[in-house]
Structure formats: structure tokens, C-alpha cells
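Enquirer: Predicted structure and sequence below. I'll ask about it afterward.
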Amino acid sequence: QVQLVESGGGLVQPGGSLRLSCAPSGFTLSFSSYFANWWRQTPGKERELVAGFISTVGNTYYSDSVKGRFTISRDNAKNTVYLQMNSLQPEDTAVYYCNAKGIYNPRADYWGQGTQVTVSS
């Protein structure tokens, strides 16, 4: 089963930071051949794209709600994608999902099971 594994979620106070990680598990997937994205979802709402790579030269996209606070990055040596989240607010509380979409094969579209991020005092 093709799967990505997220880690790094948890409970943090408003204004705090977390770093999420995403790596493939049980199969070979090189993020250099995929556009990596981070999505989030809260109960009753649609899944929202918050950050992602949009080009092969590393251009990135951020939703307006996280721009300036979140940073997506990739470590090719570790084949891991990160989401650095700073200045977290209660409205950032959600399950965060990692997604890898094939650059050369758009039908290749893999997801993780999600990691819970809760921002609360």
C-alpha cells in the first residue's frame, strides 16, 4: 500500500510553533519527482490546501490564511517534506495531511493519514 506518513503534530499554545514531517513508508517515492503539498481539514469543512510546491524549480504556494507564518521545505537527502508552522493560532487547529502528486504522471497521487494539530491555551 502506497502511503505517506506524517509526524510532528500535537498540542501547542497560541503563538507557538510546530514542524510537521512527511516521508514515504513501505515504498519508493522520491519527492524530487512529485509536487508535495500540505492540506488541512476540520470537521464539517472541505479539505484546504495550505502550502505546496508548484514548479520543478521550487516555487511555492501558500494560502492567504498561512502566508508569512508557514513554510514548506524539502530535504532531498532525507526524502522528507516539512511544514514549519509559526505563530500558530486556534484557527490553525486541524488534521494536516501530506500529499504527493506526480510531476510527470499526474495520476500518481498519494496521501498520508494525517496528523492532528491543536492550538489551544
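Expert: Arrived safely.
Enquirer: Now do the same for the residue most central in space within the chain: helix, strand or coil?
Expert: The C-alpha lying nearest the average C-alpha coordinate of the chain belongs to residue 38 (CA atoms, centre = their mean; 2.7 Å). Here residue 38 takes the strand state, with states given by DSSP: H, G, I helix; E, B strand; the rest coil.
Enquirer: Can you tell me who it pairs with across the strands?
Expert: residue 51, residue 98 (DSSP bridges).
Enquirer: what about it, distance to residue 121?
Expert: Distance, residue 38 to residue 121, by CB to CB, to the nearest Å: 24 Å. Bear in mind the C-beta positions are built from the backbone N, C-alpha and C, glycine included.
Enquirer: now swap in residue 12 and tell me
Expert: On the measure of CB to CB, residue 12 and residue 121 end up 10 Å apart.
Enquirer: The two: who's more crowded?
Expert: residue 12 (18 against 8; other CB atoms under 10 Å).
Enquirer: Okay, the more buried one and residue 6: tell me how far apart.
Expert: Taken as CB to CB, the span from residue 12 to residue 6 is 16 Å.
Enquirer: Okay, now the unreliable bits of the chain?
Expert: Of all residues in the chain, those with pLDDT under 70 make up the ranges 1.
Enquirer: Excluding residues flanking it in the chain, which one is nearest the residue lying farthest from the centre of the chain?
Expert: The outermost residue of the chain relative to its centre, with distances by CA atoms, centre = their mean, is residue 121 at 23.6 Å. Spatial nearest neighbour of residue 121, excluding adjacent residues (CB to CB, 6 or more residues apart in numbering): residue 13 at 5.4 Å.
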